[in-house]
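Participant: Got a sequence here, can you build the structure:
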Amino acid sequence: QDRRWLELAESAYAGLEIMSQALGEEPGVGLVPDWCQLKHKQHCIPAPERSSDFGWDAIRVPWRLGLAALWQQDRRAQDFLVKTILPFCRGQWQTEGKVYAIYTYGGQPAVPYDSPVLYAGLVAAALAAGDPALARQMTEKIVSFYQVDRDGGYFNRPDDYYGNNWAWFGLATYRGLVVP
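Facilitator: Here you go, the predicted structure:
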């Protein structure tokens with residue numbers, strides 16, 4: 001309950017809100033960029049020489065906010081997920097039958113494939129938003145990546161440490177094994 005941590009959390013939520021609304025002059029679709037610069041506490045712009053996609057860095061946001069909502073009953077985290085990232089991803093799931101691994105800030109697929117990484121984050125987000133059906137669908141999608149070869153089991157690729165760990169995070173979160 002240190003005041004400094006509470007102020008940091010409050011400013012982080014304010015920053016996420018700004019990031020999801022617009023990046024420079026580009027209107028947002030509910031996603032946050034991997035990287036950006038906040039200007040004047042009311043405006044964000046692309047970070048020079050950094051990705052503005054909703055990619056490998058930003059896809060951590062739904063999982064972390066999902067945990068904040070689940071563990072601390074943080075209403076700000078739940079509200080942000082329910083009005084931004086979840087509607088976008090749910091729409092992609094319903095129309096495309098998958099959620100691509102990376103999106104441009106404007107909501108266009110940036111790669112032609114999906115990955116267990118984003119699905120893992122969406123498990124926590126869906127549980128936090130009170131949508132167990134979506135959480136189950138995301139979990140089933142993660143499991144669909146599972147493969148076994150002579151060296152053992154893995155998700156995606158045997159050498160994909162990041163993806164394999166995120167698959168585990170998603171499945172463990174769904175089973176209630178990720179605890180504070």
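Participant: quick one: contacts for Leu23?
Facilitator: Leu23 makes contact with Pro33, Cys36, Cys44, Ile45, Pro46, Ser52, Tyr105 under the criterion CB atoms under 8 Å, 6 or more residues apart in numbering. C-beta here means a position set from N, CA and C on the backbone, and glycine is covered the same way.
Participant: what do you get if the cut-off is 6 Å, keeping everything else the same?
Facilitator: Pro33, Cys44, Ser52, Tyr105 (CB atoms under 6 Å, 6 or more residues apart in numbering).
Participant: among those residues, who's most crowded?
Facilitator: Per-residue neighbour counts (other CB atoms under 10 Å) across those peak at Tyr105, which has 27 neighbours.
Participant: re earlier: sort the contacts of Leu23 by pLDDT and name the bottom one.
Facilitator: The member of those with the lowest pLDDT is Cys44, at 94.
Participant: Test my guess that it contacts Trp35.
Facilitator: No: the pair Cys44 and Trp35 fails to qualify as a contact (CB atoms under 6 Å) at a distance of 10.0 Å.
Participant: between those two, what contacts are shared?
Facilitator: In contact with both Cys44 and Trp35: no residue, using CB under 6 Å, 6+ apart.
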